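> With the sequence up front, the predicted model follows.
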Amino acid sequence: MSRWEGFEEFVQVVDNGGFSAASRATGASKGHISQQISRLEDRLGARLLNRTTRKVSLTDIGEEFYERCNRIIEELDEAERSISSLQREAKGVLRISTPSLLGEVHLVPALAEFQQSHPQVEIELNFSSRKVDLIEEGYDLVVQLGPRTHTNVVNKTLCRTRFHVVASPDYLEQHGAPQKPTELKQHNCLMFTHHGQSKPWKFSGAMGKKQVPVNGSWRSSSGNALRAAAIQGLGLVYLPDYYIADDIKSGQLQMVLSEWSAVERDIVVIYLERRHLSAKIRLCTEHLMKYFKSAIQRTTSTLA
């Protein structure tokens, strides 16, 4: 027999003044309620109720037990109300991981806007290019380029982004602009690195898809550092549209190889698959989907 079995029926009988009234209040049969309380008394080894044909009254032990059971039920009700509130309102710490290349530009302002609408949420934002373990490391959300294939996660696409090759007007005036991807080998290319490794720049066009290994004298794991170096005329850089839209508009950077399309990637928000999603995760995900759709539309129109 469960330790909790029978104590709610016991409280109902006392509160309603008898077994018949408790049966009407709970929808359970009178026999079931009587049986539950008898089992409870047997387990406790004490009589809780004095039963007569006319009324039911508490024994001395029953009176003390009733007070304690009442407090337990009140605390359980409060716990349920608290959980219901958490499911409706965004509260608590929201732990998020994202690569710095993406998070510095869009995620920070998006989360700041979300927190203004939900002041009871505390944001913990960590920048990392590695694939963090949501369970082991206790993350609520991950925002990254490309979905995960794990069966226990949900991927929600926020938007699509495209990479572009850009350089400053000074660099292009001095070194000229490449006319096709293979000519990148003749230029100083500013390379994004992850764990000390850089990847080829990818393109697609009328001649098919190409992966071009590049070299250069400037490497960094920070997109902002690469962008700043390109503005200073140090070389060509390969960055997503949301990083360079304002610089293209202002003329600090110019696109090259525009007849070639660089790769497109999905920006996704990822969370653990759960039957009941907490309000902070659900509401933040909904906010990010609206924010990114609007932000990328503005970026796309700038580069069109």
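That came through fine. Numbers count the residues shown, from 1 in each chain.

> State the distance from Glu273 to Val142.
As defined by C-beta to C-beta, to the nearest Å, Glu273 lies at a distance of 13 Å from Val142. Where you see a C-beta, it was placed from the backbone N, CA and C, and this is true even at glycine.

> These two: who's more crowded?
More neighbours sit around Val142 than around the other of Glu273 and Val142, counting by other C-beta atoms under 10 Å; the figures are 25 against 10.

> Give me the phi and psi angles of that one.
phi -130, psi 130 (degrees, to the nearest 10).

> got a list of what the closest residue to Leu277 other than its chain neighbours touches?
Computed as C-beta to C-beta, 6 or more residues apart in numbering, the closest residue to Leu277 that is not its neighbour in sequence is Tyr271, at 7.5 Å. When the contact criterion is C-beta atoms under 8 Å, 6 or more residues apart in numbering, the partners of Tyr271 are 134, 140-142, 153-154, 277, 281, 285.

> Buried residues, the helix or strand where Tyr271 lies. List them.
When secondary structure is defined using DSSP states H and E, the element that contains Tyr271 is strand 264-272. When burial is assessed from 16 or more other C-beta atoms under 10 Å, strand 264-272 yields the following buried residues: 267-272.

> all strands of the stretch 101-250 of the chain, in order?
According to DSSP state E, counting those that start in this stretch, the stretch 101-250 of the chain carries its strands in the segments 121-127, 141-145, 153-167, 189-194, 197-198, 201-205, 208-212, 218-220, 236-240.

> Which stretch among the ones you listed is buried most, on average?
When you average the neighbours per residue for each of the strands of the stretch 101-250 of the chain (mean count of other C-beta atoms under 10 Å), strand 236-240 leads with a mean of 25.

> Give me the distance from it to the chain's centre.
Relative to its chain's centre, strand 236-240 lies at 28 Å (C-alpha atoms, centre = their mean, to the nearest Å).

> and the nearest residue to Gly235 once chain neighbours are set aside, how many residues sit next to it?
With C-beta to C-beta, 6+ apart as the criterion, Gly235 has its nearest non-adjacent residue at 3.6 Å, and that residue is Asn188. Using other C-beta under 10 Å, the number of residues around Asn188 comes to 19.

> Determine the longest helix present in the protein.
Secondary structure assigned by DSSP state H gives helix 60-88 as the longest helix of the chain.

> Give the full set of residues in contact with Leu226.
By C-beta under 8 Å, 6+ apart, the contact set of Leu226 is 190-192, 218, 220, 237, 239.

> Quickly list what the closest residue to Ala177 other than its chain neighbours is bridged to.
By the measure of C-beta to C-beta, 6+ apart, the closest residue to Ala177 outside its immediate chain neighbours is Val256, 4.5 Å from it. The residues paired with Val256 through beta bridges, assigned by DSSP bridges, are Val165.

> if I read this right, Val256 contacts Pro178, doesn't it?
Yes. Between Val256 and Pro178 a contact is recorded at 5.9 Å, counting by C-beta atoms under 8 Å.
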